[in-house]
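Trainee: got a sequence here, can you model it:
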Amino acid sequence: MSERAETPRAEPVARVGVFRQVGELIGALRGSPVSKKLVGLIGAIVVVVGLTAYGQIELNSWNKPFYDAISRRDLNEFIVQVGVFAVIAGALLVLNVAQRWLGETLQLRLREAVVNDLVGLWLQPRRAFWLQASGPMGAHPDQRMHEDTLKLCDLSVNLGVGLLQATMLFGSFASVLWVLSKDFSIFFNGQDHVLPGFMLWAAIAYAVAGSLVTYWVGNGLISRNAERYAREGELRFSLTRINEHLDGISLAGGEADEKRRVAVHFGDVLRATSRVVLGLTNLTWATAGFGWITVIAPTLVAAPLYFSGKVSFGGLMMAAAAFTQAQSSLRWFVDNFSIIADWRATLLRVTDLRRMLASDLEAQAGGSRIAYEEGEAGTLAMEALDVRSWNGHDRLDVPALVVRRGQCALILGTPGTEKTLLFRALAGLWPWGSGTVRRPDGETIHYMPRGTPYIPRGTLAEVLSYAMEPTTYPREAMVAALESVGLQRLEPLLDRTGRWESDLSMDEQLRLGFARVVLQEPPWLVMDEAFSAFDDDTLELIIGALGKLTRTGIIHIGSAGGAHDRLFTQVVHLVKAPHDVPEEPRP
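Mentor: Model prediction:
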């Protein structure tokens, strides 16, 4: 499964429409603790944008008396209109600042809601593991939950507020254009042809033409951006993996090989980005072309009103300004198409991840299942357990294995069997196979996987008590747990925060995992090949520490070393099922 994560396949293109994706995201936000804050912020933004639109209408109306005063050389009226401008501009400035604060706060709260929703789904029991095994979607969930949600929330708020402004401004200035040109007519073929609302229809036609051309030229940017983000994720994962395994790479002299791998991923990023660059370049022909035409288009459209004597020079400037506002509102799609394409690609990645997390990941894999049942307290039992492995089926050489609290059972794997898959099957992470696992009702099972244990960031006390609160255990118990596995030197560091996975040697990390078990004294302990990395002296310490857990039931899968006779009271074997037909596991 790890290999699958390293070389993810290309992601499938989502077939769900954008409106359904937005609807799913809104549905998730409704259940968020900050949903009321989001509604309040959105309502405040609507009010502020509405007041801003009203202020711009007043500013547009100000154009006529101001330019008429200039054309008449009326100094007193000119000064009055400058004062009127100061009042209108001051009010608009306050509204602009308020809109900026509300927009930034909405981005913050929106991200809080989206990230909490995704993380809440991701960290449900075993769901993150299933996602990792689900294929390309599970390759880089961290990037989707961090970078993609940040971009999605920023773009959503900016585009949403921009669209709201454009809609309100168009509604406001459409009436101005209609009033200005409601009596417009063209003299043609010996008679006047009335074209009521000529300037309004001209603004709409101009914007529609620009939108259609822009969509036609830039439609491919959505898929190109989605591909670029996928390739960026692969590069990021490759670099992170190198940083996590620097010791193994250096010891093997694998720097040149890793450099080649990074170069392959970086080449994919460059090619995907080049396709985005080409798309943006082509889009610029449309957006910039319409932008330059817009410099003179408002005056050209309003000129017939001025030359026909229907408006004064001030009226001409007012009409041109109204046309510019209405047309720029209608051009919102043209001006923001590249951003919309980026938003659409980001929305695709976030909603696809959420849909996958909200689905039944285990059921998607198909195949027969091991039954997990709550059994008698104080007893952990496996009945006719058969685990489907990569090369067939593995089973225990006894019909049933029953372990009671305080007993220790050893499962030895014969050559060719997958002991780690059995460990995962007992934990519920690998349910493919048959038979029944009866877990003790209401009792905690502590699982210790192969290799170094998971060590969270935090103080050493938090590491020892994971996943319990450090205050659950007195300091004396923590000190005793460290001493029981030969880590007494760490006692002064209990309250220190460090990167323990790099500060401690591998042997110390392994012993720290057993110190955690000694401290917490779980009712049950299931281990996967936990002894093979220790030397004889350390193994003696570990066996002695585990031997004192008289109320803990222990199952160890793998070789036992010197603990075979001293610790375990039952020994069974994991063997290949007879007449086995290999079957590929689904994850």
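Trainee: now do stretch 93-102: everything it contacts.
Mentor: 41, 44-45, 48-49, 51-52, 55, 161 (CB atoms under 8 Å, 6 or more residues apart in numbering). C-betas here are computed from N, CA, C, even on glycine.
Trainee: what mean pLDDT does that stretch have?
Mentor: Mean pLDDT, stretch 93-102: 92.
Trainee: from the middle of its chain, how far away would the lengthiest strand in the chain be?
Mentor: For the chain, the strand that runs over the most residues, judged by DSSP state E, is strand 379-389. Taking CA atoms, centre = their mean, to the nearest Å, the mean C-alpha location of strand 379-389 is offset from the chain mean by 37 Å.
Trainee: quick one: buried residues of that strand?
Mentor: 379-383, 385-389 (16 or more other CB atoms under 10 Å).
Trainee: cool, stretch 104-120 as well?
Mentor: 105-107, 109-115, 117-118.
Trainee: need phi/psi at the residue nearest the centre of the chain.
Mentor: Centroid check for the chain by CA atoms, centre = their mean gives Met145 as the closest residue, at 2.0 Å. With angles defined as degrees, to the nearest 10, Met145 sits at phi -80, psi -20.
Trainee: which residue is the nearest non-sequential neighbour of it?
Mentor: Leu118 (5.0 Å; CB to CB, 6 or more residues apart in numbering).
Trainee: any idea how far Ser156 is from the residue nearest to the centre of the chain?
Mentor: Per CB to CB, to the nearest Å, Met145 is found 16 Å from Ser156.
Trainee: over to Tyr206?
Mentor: As judged by CB to CB, Tyr206 and Ser156 stand 28 Å apart.
Trainee: also Gly162?
Mentor: Taking CB to CB, one finds Gly162 at 11 Å from Ser156.
Trainee: okay, these two: which has more neighbours?
Mentor: Ser156 (20 against 17; other CB atoms under 10 Å).
Trainee: element containing the more buried one, please.
Mentor: helix 149-180 (DSSP states H and E).
Trainee: buried residues in that helix?
Mentor: For helix 149-180, using 16+ other CB under 10 Å, the buried residues are 149, 151-157, 159-162, 164-166, 168-170, 172-174, 176-178, 180.
Trainee: can you show me the strands along this protein?
Mentor: Going by DSSP E, the chain shows strands at 185-188, 191-194, 371-375, 379-389, 392-396, 400-404, 408-413, 433-440, 445-448, 458-459, 497-498, 524-528, 553-557, 570-576.
Trainee: out of these, which comes closest to Ser35?
Mentor: strand 458-459 (31.4 Å; CB to CB).
Trainee: which residues touch that closest one?
Mentor: Residues contacting strand 458-459 (CB under 8 Å, 6+ apart): 470, 494-497.
Trainee: tell me the strands beside that strand, with direction?
Mentor: Here strand 458-459 has these sheet partners by DSSP bridges: strand 497-498 (antiparallel).
Trainee: quick one: contacts of the partner strand?
Mentor: Under CB under 8 Å, 6+ apart, the answer for strand 497-498 is 457-460.
Trainee: repeat the analysis, applying 6 Å as the threshold.
Mentor: Under the contact criterion CB atoms under 6 Å, 6 or more residues apart in numbering, strand 497-498 has outside partners Thr459.
Trainee: mean confidence score for that strand?
Mentor: Confidence for strand 497-498, expressed as mean pLDDT, is 85.
Trainee: try stretch 255-267
Mentor: On average, stretch 255-267 scores 84.
Trainee: tell me which residues of that stretch come out buried.
Mentor: 258, 261, 265-266.
Trainee: now do stretch 453-463
Mentor: 453, 455, 459-463.
Trainee: let me know the closest of the residues you listed to Ile554.
Mentor: Pro453 (16.1 Å).
Trainee: do you know how far that closest one is from Lys548?
Mentor: On the measure of CB to CB, Pro453 and Lys548 end up 20 Å apart.
Trainee: pretty sure Val269 contacts Glu234?
Mentor: No: counting by CB atoms under 6 Å, Val269 stays clear of Glu234, with 8.0 Å between them.
Trainee: quick check: neighbours shared by those two?
Mentor: With CB under 6 Å, 6+ apart as the test, Val269 and Glu234 reach no residue in common.
Trainee: Leu278: neighbour count?
Mentor: Based on other CB under 10 Å, the number of other residues close to Leu278 is 13.
Trainee: same thing with Gly210?
Mentor: Going by other CB under 10 Å, the residues that sit close to Gly210 add up to 24.
Trainee: now swap in Glu227 and tell me
Mentor: Residues near Glu227, counting by other CB under 10 Å: 20.
Trainee: now do the same contact list for it.
Mentor: Ala272.
Trainee: that older thread, what mean pLDDT does the longest strand of the chain have?
Mentor: So the average pLDDT for strand 379-389 ends up being 90.
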